[in-house]
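Participant: this one's structure only:
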């Protein structure tokens, strides 16, 4: 895969067509990063405010809020495909009442630079490495990812157990999404089902703003870190009635697959929520993040 190589960065994310998430435009205005921690403070060198950091050859848009709490990991939010960090802004503000919370735009999203070409999970890991260096330093962080952001966080954690203190997946894209889709909707399908199949496969092959090529894979182990998987309770595929119930079943089964990430994992269902759990039922999503963060602090 052609890729622009650089120090601790690269690019990317994705759009969850299966969940009916459309692409959204984002402002490209940039602001200078500020440091709110007082001089001499142990956290003074950590990124605080809203602005850009440099990761390798790229500019990455980052937002951090809340006051660091001794012993409590920084929470880092990963937005879904087709979104940017503004999609989690209200959730970030809610969480920041209890401690330090950050979010960032992957390359190709929001205020971050565009990727130079196709990207893979190694590239998203390099970008996340750079963000964690800036916002968490040497301390482990709790990752909370929605949709494709959850998929990226779940792929990152097993290979970076020294950097991830806990994990929250908010209706994350399942680990075998491509196989689930192609097994459920045959190539011979017509109408809306055929359109959904073609569009989603194209997105997974890299035809998305962040140019992330996503492959199915087994769920790796991140040891015994605290993990909460929060899945939606409402059906999402009414527009494809012939296959919709099966697609919803596959998505729910995919959430259960993510439990294999840790020996200390829990599945939570937000009964009245659609795909955007942190918007539809923010209290449930926040409870999951706070529970994982408290466990990671112990």
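Facilitator: Thanks, I have it. These numbers were taken from a predicted model, which means no experiment stands behind them.
Participant: where along the stretch 51-200 of the chain do the strands fall?
Facilitator: Along the stretch 51-200 of the chain, counting by DSSP state E, counting those that start in this stretch, strands occupy 58-65, 75-78, 101-104, 141-146, 164-170.
Participant: Adding mean neighbour count as columns, could you present the ones you listed in a markdown table?
Facilitator: In short, each C-beta sits where N, CA and C put it, glycine included. Supplementary listing: the strands of the stretch 51-200 of the chain in a markdown table, determined by neighbours: other Cβ atoms under 10 Å:
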| stretch | mean neighbour count |
| --- | --- |
| strand 58-65 | 24 |
| strand 75-78 | 28 |
| strand 101-104 | 28 |
| strand 141-146 | 30 |
| strand 164-170 | 29 |
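Participant: Compare those strands and give me the one nearest residue 193.
Facilitator: Nearest to residue 193 among the strands of the stretch 51-200 of the chain is strand 141-146; the distance by Cβ to Cβ comes to 25.4 Å.
Participant: for the closest one, packing partners?
Facilitator: Where contact means 3 or more Cβ pairs under 8 Å, 6 or more residues apart in numbering; DSSP states H and E, strand 141-146 is packed against strand 75-78, helix 148-156, strand 164-170, helix 282-297.
Participant: out of these, nearest to residue 214?
Facilitator: Each of the helices and strands packed on strand 141-146 was scored for nearness to residue 214 using Cβ to Cβ, and the closest is helix 148-156 (7.1 Å).
Participant: quick one: average pLDDT of the closest one?
Facilitator: Taken as a whole, helix 148-156 has an average pLDDT of 98.
Participant: if we can go back for a sec, the strands of the stretch 51-200 of the chain: which one's closest to residue 114?
Facilitator: Ranked by Cβ to Cβ, the member of the strands of the stretch 51-200 of the chain that lies closest to residue 114 is strand 58-65, at 8.9 Å.
Participant: Low-confidence bits of this protein, can you list those?
Facilitator: Low-confidence regions of the chain, defined by pLDDT under 70, span residues 1-45.
Participant: Just give me the neighbour total for the closest residue to residue 143 other than its chain neighbours.
Facilitator: In this structure, residue 143 finds its nearest non-sequential neighbour in residue 153, 4.2 Å apart by Cβ to Cβ, 6 or more residues apart in numbering. Applying other Cβ atoms under 10 Å, we find 26 residues neighbouring residue 153.
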